[in-house]
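Asker: with the sequence up front, the predicted model follows.
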Amino acid sequence: MIDPGEAQRAKLAAEHGVRTQAAADASLAQAAVVVWAVKPQLFGEAAAPCSAHVRGALQFSVMAGIRSEAIVRATGSERVVRSMPNTPALIGQGIAGLFARDAVSAAERATAEALLAPTGRTLWVAREEDLDAVTALSGSGPAYVFYFVEAMVQAAQEMGLSAEQGKQLALATFAGATALAQRSTEPPEVLRERVTSKGGTTHAALTSMEASGMKAAFVKALKAAQHRAKELGDQFG
């Protein structure tokens with residue numbers, strides 16, 4: 001692990017038992033895999049002292065906005081895998097989109113999957129530009145869920161419940177509905193229809209959402225996130 005920050009190196013060594021160093025040196029030539037996990041704007045600066053030593057390694061990136069061609073230019077290696085994880089990875093419930101350049105072998109793909117296995121699921125995409133859609137859907141996706149939970153908690157309070165009661169109901173509902181959808185072979189729209197009796201409470205809520213254009217606005221928001229991901233790639237990649 002290379003990190004110029006002494007405090008961060010000490011923390012990583014103490015908590016995970018990894019060997020750390022402040023700067024790149026020839027010992028990096030022993031690495032089979034190099035993981036790039038720096039802010040996009042710092043990648044060039046971080047890669048410069050490493051490039052002479054890491055050409056023989058698989059380059060594994062968890063950086064947003066840095067395209068594989070930029071990593072090839074910076075490291076001299078065509079063997080690049082890009083990953084787009086999300087924050088539920090912190091508890092082993094994440095999902096990461098993966099893209100591999102043609103030079104990456106099947107064994108190296110398996111290595112990339114093994115690296116991410118403790119964080120949750122993986123999904124390979126055939127085109128690098130598809131990672132922009134992955135970013136919009138699952139990379140940013142946890143924020144959308146939290147946003148709707150916020151709205152449900154607000155509504156709970158306005159309807160006379162406490163914030164804590166609203167939070168418990170909202171979180172349990174999201175968790176239960178997601179688990180049901182995962183176990184079911186039926187598409188989401190069928191599951192939705194099964195709890196929507198015409199003239200009932202769910203129908204009233206969904207009719208209100210449709211009248212407000214909520215679905216169209218949500219789809220538009222995801223496309224905005226995808227567009228921004230592409231812009232960042234154009235800027236940094």
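Answerer: All right, it came through fine. Numbers count the residues shown, from 1 in each chain.
Asker: which residues are contacting the longest helix seen in the chain?
Answerer: Taking DSSP state H as the criterion, the chain has its longest helix at helix 214-236. For helix 214-236, the external contacting residues (Cβ atoms under 8 Å, 6 or more residues apart in numbering) are 40-41, 43, 64-67, 70, 129, 131-133, 135-137, 139-140, 144, 209. From N, CA and C alone the C-beta is placed, and that goes for glycine too.
Asker: tell me which other helices or strands the lowest-mean-pLDDT helix or strand in the chain touches.
Answerer: When the helices and strands of the chain are compared on mean pLDDT, DSSP states H and E, helix 6-16 comes out lowest with a mean of 86. Counting contacts by 3 or more Cβ pairs under 8 Å, 6 or more residues apart in numbering; DSSP states H and E, helix 6-16 is packed against no other helix or strand.
Asker: buried ones in it?
Answerer: Going by neighbour count (16 or more other Cβ atoms under 10 Å), the buried part of helix 6-16 is R9, L12.
Asker: now what about it, what contacts it?
Answerer: Contacts of helix 6-16 (Cβ under 8 Å, 6+ apart): M1, D3, V18, R19, T20, Q21, A22.
Asker: so which of those residues wins on neighbours?
Answerer: Neighbour tally across the contacts of helix 6-16 (other Cβ atoms under 10 Å): the maximum, 18 neighbours, falls on D3.
Asker: ok, now how distant is the nearest residue to that residue once chain neighbours are set aside from A151?
Answerer: Nearest residue to D3 in three dimensions, chain neighbours excluded: R9, at 5.2 Å (Cβ to Cβ, 6 or more residues apart in numbering). For R9, the distance to A151 (Cβ to Cβ, to the nearest Å) stands at 41 Å.
Asker: what is the burial count for S162?
Answerer: 11.
Asker: paired strands for the lengthiest strand in the chain, with orientation please.
Answerer: Once the chain is assigned using DSSP state E, the strand that runs over the most residues is strand 94-100. Sheet pairing here is set by DSSP bridges, and for strand 94-100 it gives strand 80-84 (antiparallel), strand 120-124 (parallel).
Asker: give me the angle between whichever helix or strand comes after it and strand 80-84.
Answerer: Later in the chain than strand 94-100, the nearest helix or strand by DSSP states H and E is helix 106-116. When axes from the mean of the first three to the mean of the last three Cα atoms, to 10 degrees is applied, the directions of helix 106-116 and strand 80-84 differ by 30 degrees.
Asker: any idea how far the residue of the chain positioned farthest from its centre is from T173?
Answerer: Relative to the C-alpha centroid of the chain, counting by Cα atoms, centre = their mean, G199 is the outermost residue, at 39.0 Å. Taking Cβ to Cβ as the measure, G199 falls 22 Å from T173.
Asker: what do you get for L98?
Answerer: 31 Å.
Asker: equivalent analysis for S162, please.
Answerer: For S162, the distance to T173 - Cβ to Cβ - is 16 Å.
Asker: same check on T201?
Answerer: Going from T201 to T173 by Cβ to Cβ gives 14 Å.
Asker: residues near H203, how many?
Answerer: 13.
Asker: what's near enough to touch S27?
Answerer: Counting by Cβ under 8 Å, 6+ apart, S27 has contacts Q21, H53.
Asker: how far away is it from H16?
Answerer: According to Cβ to Cβ, S27 and H16 sit 18 Å apart.
Asker: can you check what pLDDT the model gives the nearest residue to G94 once chain neighbours are set aside?
Answerer: Among residues not flanking G94 along the chain, G120 sits closest, at 3.7 Å (Cβ to Cβ, 6+ apart). As predicted, G120 sits at a pLDDT of 98.
Asker: would you check that G120 makes contact with L90?
Answerer: No - in this structure G120 lies outside contact range of L90 using Cβ atoms under 8 Å: 9.7 Å.
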